[in-house]
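Visitor: next comes the sequence, and after it the predicted model I'd like to discuss.
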Amino acid sequence: MQGFSPRQCEALDAMYAHPEPVVLYGGAGGGGKSYFLRAAAIGHAYKCAKAAQRPVRTVLACKTYPEVRDRHIAKLNDEFGMFGRV
């Protein structure tokens, strides 16, 4: 995927290599993990919707709701607003 690092591309390949993937992608702070997770979740949902596969489920999780809000929810409209408001 354009704009992804080699490690992010490796994780994306692992995600698409299995019909029901569970990909654990970790590491130190930085490195684009949160962006990767948002992009992969939206890409997966779009791919499934385009193929008329139902139900489509993606999960973005953190230890607490404030972490999910700060790391993901607050950034979705800025990064992926072209798909509609969240």
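Guide: Perfect, thanks for sending it. Since the model is a prediction, treat every value here as computed from it, not as a measurement.
Visitor: residue ranges with poor pLDDT in the protein?
Guide: Applying pLDDT under 70 to the chain picks out residues 1-2, 82-86.
Visitor: mind checking the SS state of residue 23?
Guide: Under DSSP: H, G, I helix; E, B strand; the rest coil, residue 23 falls in the coil class.
Visitor: count of neighbours near it?
Guide: Per other C-beta atoms under 10 Å, the neighbour tally for residue 23 reads 16. Every residue, glycine included, has its C-beta placed from N, CA and C.
Visitor: that one and residue 65: what is the separation?
Guide: 23 Å (C-beta to C-beta, to the nearest Å).
Visitor: got it, and residue 34?
Guide: For residue 34, the distance to residue 65 - C-beta to C-beta - is 15 Å.
Visitor: between those two, who's got more neighbours?
Guide: Neighbour totals were compared for residue 34 and residue 65, and residue 34 leads with 16 against 9 (other C-beta under 10 Å).
Visitor: excluding residues flanking it in the chain, which one is nearest the more buried one?
Guide: Once flanking residues are discounted, residue 34 sits nearest to residue 71: 4.8 Å by C-beta to C-beta, 6 or more residues apart in numbering.
Visitor: quick one: residue 7 and residue 33 touch, right?
Guide: No. Counting by C-beta atoms under 8 Å, residue 7 does not reach residue 33; the two are 9.4 Å apart.
Visitor: any shared contact partners between these two?
Guide: Here residue 7 and residue 33 have residue 27 as joint contacts, going by C-beta atoms under 8 Å, 6 or more residues apart in numbering.
Visitor: can you list the residues that contact the longest helix along the chain?
Guide: Longest helix in the chain, counting residues (DSSP state H): helix 33-50. With C-beta under 8 Å, 6+ apart as the test, helix 33-50 has contacts from 1, 4, 8, 11-12, 15, 23, 25-27, 54, 56, 58-60, 71-72, 75-76, 79-80, 83.
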